[in-house]
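Visitor: Structure, please.
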Amino acid sequence: MKKKILISTGGSGGHVLPAITIYDHLKSSYDIIISTDLRGFKYFEKENYKSIVINTPKLNNLIFFPFAILKVFFLTIKSLIILKRENISILISTGGYMSLPICLAAKVLSIKIFLIEPNMVLGRANKFFLNFSQKLICYSKNLINLPKEFDQKIYTIKPLIRKKYYESEIFKKKDNLFTIIIIGGSQGAKIFDKLIHESLVKIAKKISLKIIHQTSEKNIVLLKNFYSENKVINKVFTFDQNLNELLQQSDLCITRAGASSLAELSLFKIPFIAIPLPTSKDNHQYENAKFYKDIDCCWIIDQNSFDKQKFEELLIKISNKKDEYLIKKNNLEKLNYQNTWNNVNQNLLKIFNEN
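Guide: The predicted structure is shown next:
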């Protein structure tokens, strides 16, 4: 009989995508359930995963904080019941406030806890549960904010990337236009929707461009009309389950710096310009991008000092696909040498099968 694992996740794609990737890696060897809040459901096809809802509230509102704590208490009781009923042997947490009730319940029941940290900065929830965890699985031994006494708990793996990204060779670029994809997230971002598109149209008058632009639902028509009126070939979309196909058509990406997004771009060997979210907790998006910048795989732009002219000059230089661009593409190739689904799978199974 297979051991049972519960994977705790929710909130943003940065938590959910690693969770469903872990699920797919381990499902042949373990019986797995995934728990998520309501926000997390939009990132995966529910019919393909055995899932339950644990809708943990945020704890950052002082007015409603007592009510949130009370709800966390009741969710912890619910989690205790779930863990006992399902006979869970291992809890895997991808961090975030969503993990609080289920991790507390696992501690009470002395269930083994494995933490996943996809960012280059140790998250606060993961840091809180380090004392109670068996192992901390991350992408680098140089994890920022990791207390030295927990170094022995670190196990490094290649970034967790969905299986379909490893199987995307069939989606080849369909034309010779220099294609830029902008990934602002399904909720959009002001700098991506209000500034970058103007610069892209401006340089499209000098070089032939194709634009693939992710934005929020409310901006789709506005952006599409803007590009079309300026005679720029474009595709404007919101969240897309087949983003891997769109990435394969791109030469350059302009993106935030979520760990999953950067890992996917790296696997596809697409050089990128990262504009980290300035308000990300512990500045983790900047640190995610800096990991790739330090090995010369990308460019980083500070949103707070964004200069349109310098940005446009950089895009024109990159569009030549020479020198800097080729160096970064080659470094991404080296970084992903022997990065295969099977290699990651074997490494994960070794980590979870160890006593």
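Visitor: Distance from the chain centre to the helix or strand of the chain with the lowest mean pLDDT, please.
Guide: Within the chain, judged by mean pLDDT, DSSP states H and E, the helix or strand with the poorest mean is helix 190-194; its value is a mean of 74. Distance, stretch centre to chain centre, for helix 190-194: 20 Å (CA atoms, centre = their mean, to the nearest Å).
Visitor: Output the contacting helices and strands for it.
Guide: Packed against helix 190-194 by the contact rule (3 or more CB pairs under 8 Å, 6 or more residues apart in numbering; DSSP states H and E) you find no helix or strand. For glycine as for every other residue, the C-beta is placed from the backbone atoms N, C-alpha and C.
Visitor: Okay, strands next: where are they in this structure?
Guide: Under the criterion DSSP state E, the chain carries strands at the ranges 4-8, 31-36, 51-53, 90-93, 112-117, 135-138, 154-156, 178-183, 209-214, 233-237, 252-255, 272-274, 298-300.
Visitor: what does the fourth one contact?
Guide: Defining contact as CB atoms under 8 Å, 6 or more residues apart in numbering, one finds that strand 90-93 is touched by 3-9, 19, 22, 30, 83, 99, 102-103, 106, 111-116, 125-126, 129, 352.
Visitor: ditto for the second one
Guide: Contact with strand 31-36 is made by 2-10, 16, 19-20, 23, 26, 49-54, 82, 86, 88, 98, 102, as judged by CB under 8 Å, 6+ apart.
Visitor: what does the first one give?
Guide: Under the criterion CB under 8 Å, 6+ apart, residues 19, 22-23, 26, 30-35, 54, 82-83, 86-94, 98-99, 102-103, 352 lie in contact with strand 4-8.
Visitor: try the last one
Guide: Counting by CB under 8 Å, 6+ apart, the neighbours of strand 298-300 from elsewhere in the structure are 262, 271-276, 286, 289-290, 292-293, 314, 318, 328.
Visitor: again, only this time at 10 Å
Guide: Counting by CB atoms under 10 Å, 6 or more residues apart in numbering, strand 298-300 makes contact with 252-255, 257, 262, 265-266, 270-276, 286, 289-293, 311, 314, 318, 324-325, 328, 331-332, all of which sit outside it.
Visitor: Repeat that for the third one.
Guide: By CB under 10 Å, 6+ apart, the surrounding residues in contact with strand 51-53 are 6-7, 9-10, 20, 23, 32-38, 40-41, 44, 78-79, 82, 86, 102.
Visitor: Recalculate using a threshold of 8 Å.
Guide: Identification of contacts with strand 51-53 by CB under 8 Å, 6+ apart yields 33, 34, 35, 36, 37, 38, 41, 82.
Visitor: Any chance of the strands of the chain in TSV with distance to residue 198, mean neighbour count and mean pLDDT as columns?
Guide: Formatted as TSV, the strands of the chain follow (distance: least, CB to CB, whole Å; neighbours: other CB atoms under 10 Å; pLDDT from 0 to 100):
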stretch	distance to residue 198	mean neighbour count	mean pLDDT
strand 4-8	42	24	96
strand 31-36	37	23	94
strand 51-53	41	15	89
strand 90-93	42	26	96
strand 112-117	37	23	96
strand 135-138	38	22	96
strand 154-156	41	16	95
strand 178-183	12	22	94
strand 209-214	12	23	92
strand 233-237	14	18	92
strand 252-255	13	24	96
strand 272-274	16	23	97
strand 298-300	19	20	97
